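Novice: Curious how this folds, go ahead:
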Amino acid sequence: KCERLLMRKLLLVLTLMIANFMVIASPNDYLIKPTGSYKVSMQEFLWQNSNICPDYFYDKADNWFYQNNPLHCHVVDTYIYYPTTTMSNNYDSYWAKNIVELNHDIKDKIIESKNLSAAYNVKQLMFDQKSYVISQQNIAKGKFPVLIFQPGLGFNSYNYLNFISNLVSHGYIVVAIDSAYNQNIIESYGTLGLHIPQSHNGKMSSSSAAAVVAAKKSNLTLALSDYKFVLNKLKTDNRLRSLTSHMDFSKIGGFGHSLGSTSIYINSLESSNVLKGYVSLDIGSSNDLPIHVYNPVIPTLFLRAANDRDFGKTIDTTNQFNLIENQYLALMTPFESDISYSTHRAFTDVSTTYYGNNLINLWYNVYGQPDINLAEFMYSDHINGQDLSKSINQYLLVFFDNYLKNVNSVSLKECHSLNPNSILYCGPKIIQ
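Specialist: Predicted coordinates:
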């Protein structure tokens with residue numbers, strides 16, 4: 001009897017230990033779980049874009065970052081996400097890069113001594129919140145379509161893992177491009193920060209907005225050059241063969257958010273024979289012109305925020321989308337009148353990782369900042385990030401499957417919305 005009781009106790013302890021391990025090792029509750037059959041792995045590459053030397057925005061104060069880059073060439077931080085069949089469940093922390101930056105700020109005494117204990121607590125919380133990515137695993141057998149991704153200004157590629165991870169799980173390789181000065185470049189030896197005109201909660205002056213997208217030496221021209229540089233490197237650098245030999249370069253698509261979307265759009269015009277499809281995660285409306293007219297030439301899907309006509313504007317400006325056959329626009333809202341359902345920044349992981357997550361305010365407080373006002377930051381207090389992100393994933397997958405994998409979509413053919421939380425418009429049609 002005593003032995004049976006002891007065995008029950010041991011089994012209970014073992015069960016609790018296993019349950020505790022699974023909680024620690026399980027992915028982040030604040031992300032959308034990928035729905036495909038592959039797991040997701042990633043390798044990071046820090047490259048120098050030799051087409052831009054020195055970087056337009058290089059400053060002598062940044063010399064510490066360029067110690068191995070004497071010509072101060074523009075830096076490109078590239079993340080290649082790819083399918084894997086690994087058995088490992090050792091998921092990366094979602095906040096891995098932020099932990100590195102937090103370590104910098106502790107070391108450099110940017111965080112006040114009175115907040116150090118809280119900072120170490122935040123680091124642990126960050127470590128415990130996992131992504132669905134397991135770095136440095138072997139790539140799955142076979143060849144996969146390639147998707148080039150570029151993020152919005154001030155956001156990093158790893159702020160879009162809800163979308164990237166899901167696509168990779170369905171058999172795509174996503175090559176995500178972070179451009180120095182457009183995105184923070186966070187390395188073990190420090191962070192190279194942003195070069196962005198001042199704005200207030202997303203609103204720039206017309207002159208500042210014009211500078212961002214200027215034809216020469218701008219944030220946009222950095223992104224445009226990096227797209228071409230990375231695509232060429234993938235095709236020509238034999239040191240990448242362990243990954244690129246699995247890339248089907250006859251099936252290349254592109255997607256991006258905000259400024260990144262603009263870059264992919266312009267490159268699709270210039271290399272229409274290369275890209276087989278393009279998706280815009282809310283291209284946004286800049287204040288530099290009264291109207292931005294888009295005339296895509298390849299299969300295209302514009303995912304448009306419900307508040308597109310209002311976001312970030314200091315002048316009266318709008319977008320016009322001239323759609324032809326095989327081109328679509330999905331307004332991400334159940335009703336045109338509901339402009340709070342989706343907003344420009346909701347096309348990032350913020351729509352799920354910031355809501356209900358105690359970590360976020362603790363993180364802000366460590367730097368002496370008040371709690372974040374999410375309604376103000378997101379331009380809405382009605383964001384349901386889980387539903388919205390799932391809807392975006394649905395459109396991304398159906399579109400790219402249709403145009404890169406020849407999986408014909410009846411919904412696209414017959415112009416039916418993929419879910420009740422969106423309104424689909426199909427070309428030929430002009431939409432403002």
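
Novice: contacts and neighbour counts: CA atoms only from here.
Specialist: Fine.

Novice: What segments of the stretch 251-400 of the chain are strands?
Specialist: All strands of the stretch 251-400 of the chain, identified by DSSP state E, counting those that start in this stretch, fall at 275-281, 291-294, 300-304, 318-323, 327-331.

Novice: Which one of these lies nearest to A375?
Specialist: strand 300-304 (19.3 Å; Cα to Cα).

Novice: now for that closest one, which elements pack on it?
Specialist: strand 275-281, strand 327-331 (3 or more Cα pairs under 8 Å, 6 or more residues apart in numbering; DSSP states H and E).

Novice: Quickly run through the sheet partners of it, with directions.
Specialist: Counting by DSSP bridges, the strands paired with strand 300-304 are strand 275-281 (parallel), strand 327-331 (parallel).

Novice: would you turn those into JSON lines with mean neighbour count?
Specialist: Converted to JSON lines, the strands paired with strand 300-304 look like this (neighbours: other Cα atoms under 10 Å):
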{"stretch": "strand 275-281", "mean neighbour count": "25"}
{"stretch": "strand 327-331", "mean neighbour count": "23"}
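
Novice: would CSV of these with distance to D92 and mean pLDDT be doable?
Specialist: Converted to CSV, these look like this (distance: least, Cα to Cα, whole Å; pLDDT from 0 to 100):
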stretch, distance to D92, mean pLDDT
strand 275-281, 25, 97
strand 327-331, 33, 98
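
Novice: Which stretch among those approaches D401 most closely?
Specialist: Per Cα to Cα, nearest to D401 of the strands paired with strand 300-304: strand 275-281, 10.1 Å.

Novice: show me where the chain has helices.
Specialist: Ranges of helices in the chain, per DSSP state H, are 2-25, 96-107, 116-128, 161-169, 206-212, 219-236, 241-244, 259-270, 350-353, 358-366, 374-377, 385-404, 410-414.

Novice: Turn the ones you listed into TSV, including mean neighbour count and mean pLDDT.
Specialist: Output for these, formatted as TSV (neighbours: other Cα atoms under 10 Å; pLDDT from 0 to 100):
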stretch	mean neighbour count	mean pLDDT
helix 2-25	12	42
helix 96-107	17	96
helix 116-128	18	96
helix 161-169	26	98
helix 206-212	17	84
helix 219-236	19	97
helix 241-244	16	98
helix 259-270	23	95
helix 350-353	22	96
helix 358-366	18	96
helix 374-377	12	91
helix 385-404	20	97
helix 410-414	13	97
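
Novice: between the strands paired with strand 300-304, which gets nearest to F45?
Specialist: Closest among the strands paired with strand 300-304, using Cα to Cα: strand 275-281, at 22.8 Å.

Novice: what about stretch 364-382, start to end distance?
Specialist: Separation of the first and last residues of stretch 364-382 by Cα to Cα, to the nearest Å is 22 Å.

Novice: Please render the strands of the stretch 251-400 of the chain as a markdown table that adds distance to V350 to the earlier fields.
Specialist: Shown next, in a markdown table, are the strands of the stretch 251-400 of the chain (distance: least, Cα to Cα, whole Å):
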| stretch | distance to V350 |
| --- | --- |
| strand 275-281 | 14 |
| strand 291-294 | 27 |
| strand 300-304 | 17 |
| strand 318-323 | 24 |
| strand 327-331 | 19 |
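
Novice: Which one, of the ones you listed, ends up nearest to I423?
Specialist: I423 sits nearest to strand 327-331 of all the strands of the stretch 251-400 of the chain, at 5.1 Å, using Cα to Cα.

Novice: Tell me which residues are up against that closest one.
Specialist: 296, 298-306, 417, 422-428 (Cα atoms under 8 Å, 6 or more residues apart in numbering).

Novice: just the buried members of the residues you listed?
Specialist: 296, 298-306, 417, 422-427 (16 or more other Cα atoms under 10 Å).

Novice: residue contacts, G253?
Specialist: Applying Cα under 8 Å, 6+ apart, the residues near G253 are P145, V146, L147, I148, L275, K276, G277, Y278, F400, L404.

Novice: Can I get those residues in a markdown table including distance to F321?
Specialist: Compiled in a markdown table, the contacts of G253 are given as follows (distance: Cα to Cα, whole Å):
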| residue | distance to F321 |
| --- | --- |
| P145 | 27 |
| V146 | 26 |
| L147 | 23 |
| I148 | 22 |
| L275 | 19 |
| K276 | 19 |
| G277 | 16 |
| Y278 | 14 |
| F400 | 20 |
| L404 | 23 |
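
Novice: from the residues you listed, which is closest to S207?
Specialist: Of the contacts of G253, the one sitting nearest to S207 (Cα to Cα) turns out to be Y278, at 28.8 Å.

Novice: shouldn't K235 be in contact with H246?
Specialist: No - if you go by Cα atoms under 8 Å, K235 and H246 don't touch, sitting 11.5 Å apart.

Novice: Save the helices of the chain as TSV, and put in distance to W47 too.
Specialist: Putting those into TSV (distance: least, Cα to Cα, whole Å) gives the following:
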stretch	distance to W47
helix 2-25	32
helix 96-107	17
helix 116-128	27
helix 161-169	21
helix 206-212	23
helix 219-236	9
helix 241-244	16
helix 259-270	18
helix 350-353	27
helix 358-366	30
helix 374-377	33
helix 385-404	28
helix 410-414	38
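
Novice: of those helices, which approaches N182 most closely?
Specialist: Using Cα to Cα, the helices of the chain put helix 219-236 closest to N182, at 6.2 Å.

Novice: the inter-axis angle of the closest one versus helix 259-270?
Specialist: Angle between the axes of helix 219-236 and helix 259-270 is 60 degrees (criterion: axes from the mean of the first three to the mean of the last three Cα atoms, to 10 degrees).

Novice: Any idea how far helix 219-236 is from the middle of the chain?
Specialist: What separates the centre of helix 219-236 from the centre of its chain is 17 Å, taken as Cα atoms, centre = their mean, to the nearest Å.

Novice: check contacts around the residue minimising distance to the centre of the chain.
Specialist: Closest residue to the average C-alpha location of the chain: Y160 at 2.7 Å, with Cα atoms, centre = their mean. Neighbour list for Y160: P151, F347, T348, D349 [criterion: Cα under 8 Å, 6+ apart].

Novice: of all those residues, which two lie farthest apart?
Specialist: P151 and D349 (11.6 Å).

Novice: Right, I'll leave it there.
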